[in-house]
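**Q** Give me a model of this one.
(one chain, ligands or ions: 1)
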Amino acid sequence: MRSGAFNRRSVVAGALALAACDRPARSAPADIGFVPPLKTAAPFPVGTCLQVAHLDQPDWVNLALTQCSQLTPEWEMKMEYIVQPDGGLLFDRPDRIAGFARANGMRLYGTTLVWYAQKPKAFEQMAADPASFGKAYDSYITSVAGRYRGQVAGWDVVNEAVAEDGNGWRDSLWSQRLGAFDHMKRAFHVARAADPDAVLFLNDYNLEIIPKKLDTFQRLVERLLAAGAPVGGLGCQTHMPADLAAGSLAKAVAALGRFGLPVHVSELDVSLSRARQRFARRADLEAGQARLYAEAAQALGALPARQRFALTLWGLRDRDSWLKGENAADMPAVFDDQGRPKPAAAALAAALQEVRG
Ligand code: 9MR
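**A** Model prediction:
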């Protein structure tokens, strides 16, 4: 997701709100008492995304091992890293992450096999005839899903298939060459053949923010299932602004749950700077953030146990977040730059414990 439902103005307004309220970031964590490790508080896996570089940071490793039971490569298991200009495939970094997960008894999650946003040159330059293009497409999915067979618990097979505003599906290199619906169905079948045990997900964002998008996503799931595609799980990325109305996320997760499939809260973060002027005070922003992290745990916890695939944080510490690239002042994570729990971590842990009962 690059722009999301947020225009530049709302981002700037959020930044101003952050600046206005501002004393510098706290030098010591708020007095929030003991926060139990998230993975022990939760009755389902708690994950984080990571980059290979994190594995060389002892502080990050320590925090991840303490808090998390699942890992998702943030970008090094995507085409952008794996596919080389000559069409060759490079696996050193995803292999290192997979090895780290294995060595530490953590679950591994793969993202993403097919994504409209990634179209490597090697594919763009390929002959457009559907037969040879389709063969290369299948071969990529087979190689990647096959390599991590038995290692990943699940894959985002198709990522962000629904159009930004929810009207229809994304136009992409893949849809143009192989068909808007057929390239998705095909990806699921090929992934299933390559890894019979991985849970195969359709994953998308803003499902809790844009009702039309949630609706189109559900219709797509129905259609894929009706066509026999082995969709085995539904991913709700859950990149939220801190002022998102209470209940929106719970509603989206409940709607996904009605398919009876496992649901993955797959990329959870709560942006302060994307929250509009409604929350101008730092305390309100932080309270909204904490409330939404808790709501994510409650929403997943409201599903039957077998449908709670995992809750994955998209960045463990504030400084790890991709949202820093959009606004350096943002603090979207549950741990601060030093890895100390923020009020959001306390709220998340408490909600997880409540779900666990
Ligand atoms: O956080 C990820 C960032 O480091 C990568 O540069 C980017 C492109 O691979 O992808 C980001 O993660 C995205 C995720 O894969 C899909 N949903 C939106 C995430 C944030 O852009």
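
**Q** Report the contact partners of G47.
**A** Going by C-beta atoms under 8 Å, 6 or more residues apart in numbering, G47 touches C68, S69, Q70, L71, T72, R107, Y109, A310, L311, T312, L313. (Glycine included, C-beta is placed from N, CA and C.)

**Q** now E124
**A** Contacts of E124 by C-beta under 8 Å, 6+ apart are L173.

**Q** and L311, what are its phi and psi?
**A** Here is the backbone geometry of L311 (degrees, to the nearest 10): phi -120, psi 120.

**Q** Tell me if I'm right that it and E295 touch.
**A** No. With contacts counted by C-beta atoms under 8 Å, L311 stays clear of E295, the gap being 11.3 Å.

**Q** Spell out, range by range, the strands that occur in the stretch 51-200 of the chain.
**A** For the stretch 51-200 of the chain, the strands defined by DSSP state E, counting those that start in this stretch cover 70-73, 107-115, 152-159, 199-204.

**Q** got the contact list for the last one?
**A** Contacts made with strand 199-204 from outside it, assessed by C-beta under 8 Å, 6+ apart, are listed as 111-112, 153-162, 184, 188, 191-192, 213, 217, 220-221, 224, 230-237, 262, 264, 266, 309.

**Q** ok, and the closest non-adjacent residue to N62?
**A** Spatially, and ignoring its direct neighbours in sequence, N62 is nearest to G339 (7.8 Å; C-beta to C-beta, 6 or more residues apart in numbering).

**Q** cool, W155 as well?
**A** Using C-beta to C-beta, 6+ apart, the nearest residue to W155 is G110, at 4.3 Å.

**Q** Spit out the contact partners of the one you found.
**A** T72, P73, M77, V144, A145, Y148, V152, G154, W155, D156, A198.

**Q** Please identify the residues of the stretch 51-200 of the chain in proximity to the ligand?
**A** E74, W75, K78, E80, T111, N159 (C-beta under 6 Å from any ligand atom).

**Q** Which members of those residues are classed as buried?
**A** Burial by neighbour count, judged by 16 or more other C-beta atoms under 10 Å, picks out E74, W75, K78, T111, N159 from those.

**Q** which one of those residues is nearest the ligand?
**A** W75 (3.7 Å; C-beta to the nearest ligand atom).

**Q** mind listing what that closest one touches?
**A** W75 touches Q51, Y81, counting by C-beta under 8 Å, 6+ apart.

**Q** Distance of it relative to N159?
**A** With distances taken as C-beta to C-beta, to the nearest Å, W75 is found 12 Å from N159.

**Q** Also E208?
**A** Taken as C-beta to C-beta, the span from E208 to N159 is 17 Å.

**Q** where exactly do the helices run in this protein?
**A** Taking DSSP state H as the test, the helices found in the chain are 8-20, 38-41, 58-67, 79-82, 92-103, 121-124, 130-147, 173-178, 182-194, 211-226, 248-257, 282-301, 343-356.
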